[in-house]
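> no sequence for this one, just the structure:
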């Protein structure tokens, strides 16, 4: 179990711990079940979810993203880390860069989907990392 304790906080939007908690609850996992699955102590996971820690090591975030069925780029963005490849998806990028309410983020996401559908905007293929 490795963490990087960062006392910085982000205002507005979902924090890393909140995103983890929401995904865990949506999958019906207890804190202890998730901790065991990703091989960390449950107290670390509880502190991460509560916001005591703002980031974690990349390998842990990758394990977590697989178990919670989240895009790892999103977790990296919320943790203030550069993703190994590619960019975060639209909403986590906005939340990381701008202070906004959940309502504003949801509205922007919905409008982004509208624009991408209307103008046939597609994500670019990214070459493999060197």
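All right, it came through fine. This structure is a prediction, so every number in the text was calculated from the model and none was measured. Numbers count the residues shown, from 1 in each chain.
> residues in contact with stretch 103-114?
Outside stretch 103-114, the residues that touch it by Cβ atoms under 8 Å, 6 or more residues apart in numbering are 13, 14, 90, 91, 94, 95, 100. The way it works is simple: take the backbone N, C-alpha and C, and place the C-beta from them, glycine included.
> Next up, identify which helix or strand the residue nearest the centre of the chain is on.
Nearest residue to the geometric centre of the chain (Cα atoms, centre = their mean): residue 75, 2.6 Å. If you go by DSSP states H and E, residue 75 is part of helix 72-78.
> and the next helix or strand after that helix, what does it pack onto?
Downstream of helix 72-78, the next assigned helix or strand under DSSP H and E is helix 90-97. Here helix 90-97 touches helix 72-78, helix 102-118, going by 3 or more Cβ pairs under 8 Å, 6 or more residues apart in numbering; DSSP states H and E.
> Using TSV, please lay out those together with distance to residue 34 and mean pLDDT.
Conversion of the helices and strands packed on helix 90-97 to TSV gives the following (distance: least, Cβ to Cβ, whole Å; pLDDT from 0 to 100):
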stretch	distance to residue 34	mean pLDDT
helix 72-78	14	89
helix 102-118	23	88
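> now those in JSON lines, with distance to residue 18?
Listed next are the helices and strands packed on helix 90-97 as JSON lines, based on distance: least, Cβ to Cβ, whole Å:
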{"stretch": "helix 72-78", "distance to residue 18": "9"}
{"stretch": "helix 102-118", "distance to residue 18": "10"}
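> closest to residue 20 out of those?
Of all these, helix 72-78 sits nearest to residue 20, with 7.8 Å by Cβ to Cβ.
> Could you name the helices and strands sitting against that closest one?
Looks like helix 72-78 contacts helix 16-26, helix 58-68, helix 90-97 (3+ Cβ pairs under 8 Å, 6+ apart).
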